[in-house]
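In: I would like the atomic coordinates for the input below:
(one chain, ligands or ions: 1)
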Amino acid sequence: MINRSHLPAIVLLSVFFPLTSTAAIIKGPYLQSPQQHSITVDAEVDDGSDCIIKWGDNLENTSPMVGESPHREVRIKSLKASTCYRYHVECGADTSPEASFCTAPTSEEPFRVVIFGDTRSDHQAHSELIDAIAEENPDVFFNTGDLVSDGQDEDEWNEFFNIEGELLRDVPMMPVVGNHDEHNGEIPIYGRLFSVPMESSGVDNYYSVTYGNAHFIILDNQADNLGRPKDNTSEGQWLENELQSSSDNPALDFIFVLVHENMYSVKDGRAGDEGLRLWRDKFVQLGVDAVISGHDHHYVRGWADNGLPFVVSGGGGAPLYDVSEDFATQGQEKDVSVWGWLPEPGDKQFKVIWTKKEHNYLVLDFQGKTLDICAKEVPTGHTGKGISFDCWTYEKGQKPEPDQKGDEKSGCGCRSQGTSSGAILLGGVFLAVLFRRKLRRSR
Ligand SMILES: [Fe+2]
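Out: Predicted structure coming up:
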């Protein structure tokens with residue numbers, strides 16, 4: 001035991017004979033690209049140390065992590081679907097806390113996804129959101145872009161990992177490129193940090209990932225290279241093929257497009273991404289269920305003129321935006337549906353049914369062909385799970401009702417609406433499976 005009277009001498013000695021630091025791991029480990037039989041584990045080191053991962057019921061498996069310093073990563077393959085494994089990472093003399101990774105569920109199993117974005121600059125708000133999201137126990141979560149304010153600033157990424165690191169150790173996060181993440185069309189730090197599935201696109205700024213029975217198509221609309229459908233841009237051509245192949249895949253019940261800037265905007269002076277908007281008929285034709293985005297720092301739900309639903313969730317920590325008076329009262333939700341007009345006079349294009357100027361995230365609970373979605377707010381200082389303010393159930397193939405509006409009650413309540421005995425039974429099975437997965441994770 002150290003006696004207090006010895007402290008000055010210890011401090012003096014440490015000045016002349018500094019203790020050797022054993023902390024080599026500066027980011028991570030963190031999880032990427034979860035699939036049914038594989039997952040990627042990443043870490044970053046500050047001293048060039050080699051890293052290994054030990055994983056399995058008794059940490060009996062060892063795999064080297066490779067990469068150009070400071071990055072280290074490994075793709076672990078031949079795993080069982082919907083299964084959690086213990087792991088830790090060793091880099092030099094540094095060992096990470098023990099954690100667990102879980103593979104993606106099969107297309108028949110329920111699962112939970114969280115989506116939010118624009119985490120950028122308000123670190124307190126970002127932290128409170130991450131605490132709330134951790135309590136939701138998601139299987140995977142997405143960031144809709146603008147993870148940091150300046151994607152070229154290593155310190156900002158360090159802060160990002162300080163805030164999200166503990167959650168990222170157990171839950172894979174898949175990112176979308178935002179305008180603040182890139183610089184002159186390049187994403188060197190973002191590209192180094194995130195190991196997204198590049199099998200279909202061959203690049204890391206747009207890609208797709210299948211999780212359970214849902215397919216997520218992640219686009220990069222910052223380079224304005226989506227153009228028009230059938231244009232010869234590489235991303236446009238890839239998107240065309242991606243939509244067709246996912247539409248033809250019988251194992252997929254849901255297809256989502258995740259992108260930073262939405263088709264529409266309810267912020268004064270913004271009109272949304274015209275290039276993306278031009279895809280909306282193709283999206284409906286090939287079965288896209290919704291476009292989910294960030295960029296505007298608030299919450300919006302609505303649909304395009306062709307019935308394509310969209311959600312904006314960009315309240316992750318960037319300065320909150322007022323909603324145009326056309327769509328809100330004092331920046332809060334307006335209680336009637338409102339048609340929006342693009343800058344072109346008389347060009348009625350989209351309908352808005354919910355807006356909210358607050359930090360927020362989405363919880364998506366998938367179960368078969370039914371999807372329960374809840375938008376939750378996390379006001380400054382709030383602790384625990386977010387407060388539900390817009391919840392609705394989406395049945396595959398269901399056309400949105402013109403004035404459908406979600407449940408405003410506190411506490412999600414999604415499952416309690418119109419509950420039948422069959423729904424209670426299904427809910428019980430769903431919770432039992434979630435509990436089983438949680439138990440596996442907590443071993
Ligand atoms: Fe943005």
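In: what about the closest residue to residue 78 other than its chain neighbours, how many residues close to it?
Out: Nearest residue to residue 78 in three dimensions, chain neighbours excluded: residue 37, at 6.4 Å (C-beta to C-beta, 6 or more residues apart in numbering). In this view, the C-beta of every residue, glycine as well, is placed from N, C-alpha and C. The number of residues packed around residue 37, counting by other C-beta atoms under 10 Å, is 13.
In: cool, the one 3 residues further on as well?
Out: The burial metric for residue 40, expressed as a neighbour count using other C-beta under 10 Å, is 22.
In: cool, residue 269 as well?
Out: 7.
In: Just grab the bridge partners of the residue nearest the centre of the chain for me.
Out: Closest to where the C-alpha atoms of the chain average out (C-alpha atoms, centre = their mean) is residue 142, at 0.8 Å. Residues in a beta bridge with residue 142, per DSSP bridges, are residue 115, residue 174.
In: My guess is it contacts residue 258. True?
Out: Yes: counting by C-beta atoms under 8 Å, residue 142 touches residue 258, with 5.8 Å between them.
In: list residues touching both of those two?
Out: Common contacts of residue 142 and residue 258 (C-beta atoms under 8 Å, 6 or more residues apart in numbering): 115, 176, 216, 218, 292.
In: For the ion, see how far away residue 363 is.
Out: Distance, residue 363 to the ion, using C-beta to the ion, to the nearest Å: 22 Å.
In: tell me which element that residue is part of?
Out: In the assignment (DSSP states H and E), residue 363 maps to strand 360-367.
In: and residue 235, how many neighbours?
Out: Using other C-beta under 10 Å, residue 235 has 21 other residues around it.
In: Which residues are in contact with residue 85?
Out: Contacts of residue 85 by C-beta under 8 Å, 6+ apart are 55, 56, 57, 79, 100, 101, 102.
In: any low-confidence regions in the chain?
Out: 1-23, 223-233, 328-348, 397-443 (pLDDT under 70).
In: can you pull out the helices in it?
Out: Ranges of helices in the chain, per DSSP state H, are 7-16, 123-136, 154-168, 188-193, 234-247, 274-277, 280-285, 421-441.
In: Same question for the second one: list its buried residues.
Out: Within helix 123-136, the residues that qualify as buried are 125, 126, 128, 129, 130, 131, 132, 133, 134, 136, counting by 16 or more other C-beta atoms under 10 Å.
In: Same question for stretch 317-326.
Out: Quick answer for stretch 317-326 (16+ other C-beta under 10 Å): 317, 318, 320, 321, 322, 323, 324.
In: Next: stretch 95-113.
Out: So, applying 16+ other C-beta under 10 Å, buried residues of stretch 95-113: 96, 99-105, 107, 109-113.
In: Can you give me the domain assignment for this protein?
Out: Split into domains by automatic domain parsing, the chain comes to 25-102, 111-412.
In: out of the ones you listed, deepest packed?
Out: Ranked by mean neighbour count, the domains of the chain are led by domain 111-412 with a mean of 20 (mean count of other C-beta atoms under 10 Å).
In: Around the ion, which positions in the stretch 51-200 of the chain sit nearby?
Out: 146, 178, 179 (C-beta under 5 Å from the ion).
In: For the residue of the stretch 251-400 of the chain found nearest the ion, which non-adjacent residue is spatially closest?
Out: At 4.0 Å from the ion, residue 295 is the closest residue in the stretch 251-400 of the chain, using C-beta to the ion. Computed as C-beta to C-beta, 6+ apart, the closest residue to residue 295 that is not its neighbour in sequence is residue 261, at 4.3 Å.
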